[in-house]
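Undergrad: with the sequence up front, the predicted model follows.
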Amino acid sequence: MKIPFVSFHPMENELNDEIRAAFDRVFTRSWYIEGIEDKTFEKVFAEYCGVKYCIGVGNGLDALMLALKALDIGEGDEVIVPSNTYIATALAVTYVGAVPVLVEPDIETFNINPSLIEEKITEKTKAIMPVHLYGQACNMDSIMEIAKKYGLKVVEDCAQAHGAKYKGQKVGTFGDVAGFSFYPGKNLGALGDAGAVVTNNKELAEKVRIFGNYGSDFKYHHIYKGNNSRLDELQAAFLLAKLPHLERMNAERRRIAKKYTEGIKNPKVITPYFLEDCDPVWHIYGIRCDERDALEKYLNEKCIGTNKHYPIPIHLQKCYKDLNIPIGALPIAEEISEKELSIPMYYGLNDSEINYIIETINKF
Ligand SMILES: *Cc1c(COP(=O)(O)O)cnc(C)c1O
């Protein structure tokens with residue numbers, strides 16, 4: 001048995017006709033940017049999230065960056081981000097000219113630890129960017145309370161958490177604004193790069209749209225030096241084809257996660273902890289193991305694909321040398337980088353594959 005870390009084939013085979021019809025619709029219309037597919041997707045995705053506004057953009061990084069820009073965050077400002085996340089979260093802050101201030105996660109949930117946020121707040125702090133990592137919502141009650149106390153904005157990074165809930169409420173609806181990625185491997189993925197910003201704030205929504213469209217509020221009138229980051233018609237059409245299946249496919253991920261959590265019984269392995277009222281969507285199923293690299297090698301030899309999220313924490317990346325954070329300064333992020341191993345998690349993983357993965361891990 002050979003099980004890749006991720007495969008889109010089961011989903012794509014199932015949605016083959018819908019995806020091809022989406023392509024045909026756009027190609028027949030021969031209209032590729034700023035059209036009916038984009039408009040429709042924005043409406044449907046806003047409804048799905050439970051927010052008033054959605055703006056389709058080019059990718060998840062742009063979504064976060066445009067959200068920060070719309071909040072007027074830039075030069076001289078600081079933004080709190082988790083020390084364990086994909087680098088895009090920090091890069092979005094850097095791109096607007098602000099400084100990412102890294103806060104350690106909770107080792108159990110992998111998400112930002114709210115009790116460590118306050119000590120990092122300075123006069124320069126303008127926002128908190130919680131990341132609902134691996135598909136599990138952050139502790140939004142605590143984060144919103146801190147934001148309120150210090151008058152900070154909250155930009156949710158929902159790139160890994162389409163449809164995830166915290167106490168029954170969908171992520172992306174707690175803060176001022178949220179960014180989504182539709183990178184192909186995300187729970188809702190396009191057939192290329194795509195992203196979206198969601199918000200209930202009309203003024204922010206308008207600013208995001210203008211910033212992402214050359215700073216233009218009206219054709220050939222430019223009120224900001226904006227950039228070009230729009231959701232194109234083809235990707236919007238593909239996303240429209242896939243969105244109606246997201247809940248079902250997330251449910252399937254939950255079923256797989258439950259089987260893993262119940263079945264993995266190796267004392268050397270820690271399965272991911274999640275809060276009951278969090279309803280994670282399992283973008284990633286990350287186990288922890290002191291002998292992570294040996295476990296990875298062993299699983300790969302048994303033809304089970306794996307991945308690490310993330311092998312080098314942000315503060316130890318070459319590009320962030322200027323943050324001047326030495327090795328050992330963020331021990332939890334470093335521990336996760338050394339011990340986390342992601343095992344296969346995707347729609348279409350079948351029971352015999354799941355059982356084989358569980359049995360193989362238990363024999364390690
Ligand atoms: C994927 C991802 C992004 C960036 O999304 P892209 O569409 O790849 O630009 C941002 N934040 C997190 C947490 C992600 O996983």
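TA: Good, I have the coordinates. As the structure is a prediction and not an experimental result, all values here were calculated from the model. Numbers count the residues shown, from 1 in each chain.
Undergrad: I'd say Val26 and Glu37 touch.
TA: Yes - counting by CB atoms under 8 Å, Glu37 is a contact partner of Val26 at 6.2 Å. Glycine gets a C-beta too; all of them are placed from N, C-alpha and C.
Undergrad: quick one: secondary structure of Glu75?
TA: What DSSP: H, G, I helix; E, B strand; the rest coil gives for Glu75 is coil.
Undergrad: intersection of neighbour lists for Val26 and Glu37?
TA: Common neighbours of Val26 and Glu37, using CB atoms under 8 Å, 6 or more residues apart in numbering, are 233-234, 237.
Undergrad: counting neighbours, which of those residues comes out on top?
TA: Ala237 (28 neighbours; other CB atoms under 10 Å).
Undergrad: if I look at the closest residue in space to it that isn't next to it in sequence, how far off is the ligand?
TA: Distances taken as CB to CB, 6 or more residues apart in numbering put Ala22 closest to Ala237, at 3.8 Å, once the chain neighbours are dropped. Using CB to the nearest ligand atom, to the nearest Å, one gets 20 Å for the distance from Ala22 to the ligand.
Undergrad: what segments of the stretch 51-200 of the chain are helices?
TA: Counting by DSSP state H, counting those that start in this stretch, the stretch 51-200 of the chain has these helices, from start to end: 60-70, 87-95, 140-150.
Undergrad: the ligand: which of these is closest?
TA: helix 60-70 (2.3 Å; CB to the nearest ligand atom).
Undergrad: adding distance to Lys268, mean pLDDT and mean neighbour count, write the helices of the stretch 51-200 of the chain out as CSV.
TA: Shown next, in CSV, are the helices of the stretch 51-200 of the chain (distance: least, CB to CB, whole Å; pLDDT from 0 to 100; neighbours: other CB atoms under 10 Å):
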stretch, distance to Lys268, mean pLDDT, mean neighbour count
helix 60-70, 34, 98, 29
helix 87-95, 29, 98, 22
helix 140-150, 32, 98, 16
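Undergrad: let's have those helices in JSON lines, adding distance to the ligand.
TA: Listed next are the helices of the stretch 51-200 of the chain as JSON lines, based on distance: least, CB to the nearest ligand atom, whole Å:
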{"stretch": "helix 60-70", "distance to the ligand": "2"}
{"stretch": "helix 87-95", "distance to the ligand": "3"}
{"stretch": "helix 140-150", "distance to the ligand": "16"}
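Undergrad: from the shared contacts of Val26 and Glu37, list the ones also adjacent to the ligand.
TA: Among the shared contacts of Val26 and Glu37, no residue sits close to the ligand (CB under 6 Å from any ligand atom).
Undergrad: list the buried residues in the strand or helix carrying Lys39.
TA: With elements taken from DSSP states H and E, the one containing Lys39 is helix 36-49. For helix 36-49, burial by neighbour count (16 or more other CB atoms under 10 Å) applies to 37-38, 41-42, 44-46, 48-49.
Undergrad: what sits against Thr306?
TA: 5, 296, 299-300, 341-344.
Undergrad: same deal with Pro344?
TA: Pro344 is in contact with 3-6, 285, 304-306, 353, 357, counting by CB under 8 Å, 6+ apart.
Undergrad: from the contacts of Thr306, which land in helices?
TA: If you go by DSSP state H, these have 296, 299-300 in helices.
Undergrad: can you tell me how far the nearest residue to Glu12 once chain neighbours are set aside sits from the ligand?
TA: Ranked by CB to CB, 6+ apart and with sequence neighbours excluded, the top spatial neighbour of Glu12 is Ile19, at 6.9 Å. Per CB to the nearest ligand atom, Ile19 is found 19 Å from the ligand.
Undergrad: wait, Ile19 sits on Gln235?
TA: No - contact criterion CB under 8 Å: Ile19 and Gln235 do not qualify, at 11.4 Å.
Undergrad: give me the common contacts of those two.
TA: By CB under 8 Å, 6+ apart, the residues touching both Ile19 and Gln235 are Leu191.
Undergrad: got the phi and psi for the closest residue to the ligand within the stretch 201-350 of the chain?
TA: Per CB to the nearest ligand atom, His283 is where the stretch 201-350 of the chain lies closest to the ligand, at 7.6 Å. The phi/psi pair for His283 (degrees, to the nearest 10) reads phi -60, psi -40.
Undergrad: now do the contacts for the residue nearest to Met65 when sequence neighbours are not counted.
TA: Spatial nearest neighbour of Met65, excluding adjacent residues (CB to CB, 6+ apart): Ala92 at 4.3 Å. The contact partners of Ala92, by CB under 8 Å, 6+ apart, come to 61, 64-65, 67-68, 129, 179.
Undergrad: pLDDT averaged over stretch 36-48 - what is it?
TA: Mean per-residue pLDDT for stretch 36-48: 98.
Undergrad: so for the most centrally placed residue in the chain, what's the pLDDT?
TA: The centre of the chain sits closest to Ala159, judged by CA atoms, centre = their mean, with a distance of 2.0 Å. On pLDDT, Ala159 comes in at 98.
Undergrad: my guess is it contacts Tyr86, does it?
TA: Yes - the pair formed by Ala159 and Tyr86 meets the contact definition of CB under 8 Å, at 7.1 Å.
Undergrad: could you point out the longest helix of the chain?
TA: Per DSSP H, the chain has its longest helix at helix 246-263.
Undergrad: show me what counts as buried in that helix.
TA: Within helix 246-263, the residues that count as buried by 16+ other CB under 10 Å are 246, 249-250, 252-253, 256-257, 259-260.
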